[in-house]
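In: let's see this in three dimensions:
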Amino acid sequence: MIYDFLWGDLITVPLPGDSSLGLSLLVIILIPAGIFCMIITRFLPVRMFPEMIRISMEKRNEADKDRSVSGIEALIVSTATRVGMGNLVGVVAAVSAGGAGAIFWMWLAVVIGSAPCAAASADVDHPVKSGLLQSLGVFIDTIIICSCTAFVMLLVPEEMVSGLSGMDLLQEAMRYHFGKAGVIFIAVTLWLF
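Out: Now for the predicted structure:
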């Protein structure tokens, strides 16, 4: 009941060709909220992307080297806390249920930061730099890693994966691209996560 309330089609928009687009409550709330935040911040994640890369390459103060965590180290730790089962299982579920269009919504609704402790420990000369590094971590997690998972599945001939869903779909896609090594890689990755 809660799932239907949050994700069920609250509004149906008719489209050409006798098709329609269903919009759920969460889509109706999240997409305008994301657009609003992008406008208010003047497209900060896009505008500041080069600065994020530059900050990730900064060297830390040699005097504090043994007692602190550099910005890039904090980025790596926080990215490690974000990357997990959702990057495999979540993407597989989204693509299985919604098709290739799920990737577009994944990119549009990047929320996917969740590592304030790692960010707080970074030895950077301004707190904004730490925030920009964490934004870069969200980009790495959602745009790069989740997209790679989705594209691995979408680039398999349809006849090889028809009727498959979930982890069976991902394993067959990895088998197609990388042979047995791909299936072993997924098994090991799931075990580590």
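In: which SSE is immediately downstream of the longest helix along the chain?
Out: Secondary structure of the chain read by DSSP state H shows that its longest helix is helix 25-40. The helix or strand immediately downstream of helix 25-40 is helix 44-47, counting by DSSP states H and E.
In: what packs against the longest helix of the chain?
Out: helix 2-7, strand 9-15, helix 101-108 (3 or more CB pairs under 8 Å, 6 or more residues apart in numbering; DSSP states H and E). (Each C-beta comes from the backbone N, C-alpha and C, glycine too.)
In: buried deepest among the ones you listed, which one?
Out: helix 101-108 (a mean of 15; mean count of other CB atoms under 10 Å).
In: re earlier: among the helices and strands packed on helix 25-40, show the one with the smallest mean pLDDT.
Out: Note on these: helix 101-108 shows the lowest mean pLDDT, a mean of 81.
In: burial check on residue 100, number of neighbours?
Out: Using other CB atoms under 10 Å, residue 100 has 11 other residues around it.
In: sorry, back to before: what is the mean pLDDT for the longest helix of the chain?
Out: Mean predicted confidence for helix 25-40 is 89.
In: stretch 59-79 too?
Out: 74.
In: and what of stretch 142-158?
Out: 90.
In: report all helices and strands that the host helix or strand of residue 181 contacts.
Out: Taking DSSP H and E as the definition, one finds residue 181 inside helix 180-192. Under the contact criterion of 3+ CB pairs under 8 Å, 6+ apart, helix 180-192 touches helix 166-178.
In: with only the CA atoms kept, save the helix it packs on in PDB.
Out: Output of helix 166-178 as PDB, limited to C-alpha atoms (Å, rounded to 0.1, in the frame of the first residue of the first chain):
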ATOM      1  CA  GLY A 166      17.600  -9.400 -11.400                       C
ATOM      2  CA  MET A 167      21.100 -10.900 -10.800                       C
ATOM      3  CA  ASP A 168      20.500 -13.600 -13.500                       C
ATOM      4  CA  LEU A 169      20.400 -10.800 -16.000                       C
ATOM      5  CA  LEU A 170      23.600  -9.200 -14.700                       C
ATOM      6  CA  GLN A 171      25.400 -12.500 -14.600                       C
ATOM      7  CA  GLU A 172      24.400 -13.300 -18.100                       C
ATOM      8  CA  ALA A 173      25.500  -9.900 -19.300                       C
ATOM      9  CA  MET A 174      28.800 -10.200 -17.600                       C
ATOM     10  CA  ARG A 175      29.300 -13.700 -19.100                       C
ATOM     11  CA  TYR A 176      28.600 -12.200 -22.600                       C
ATOM     12  CA  HIS A 177      31.100  -9.500 -22.200                       C
ATOM     13  CA  PHE A 178      33.900 -11.100 -20.100                       C
END
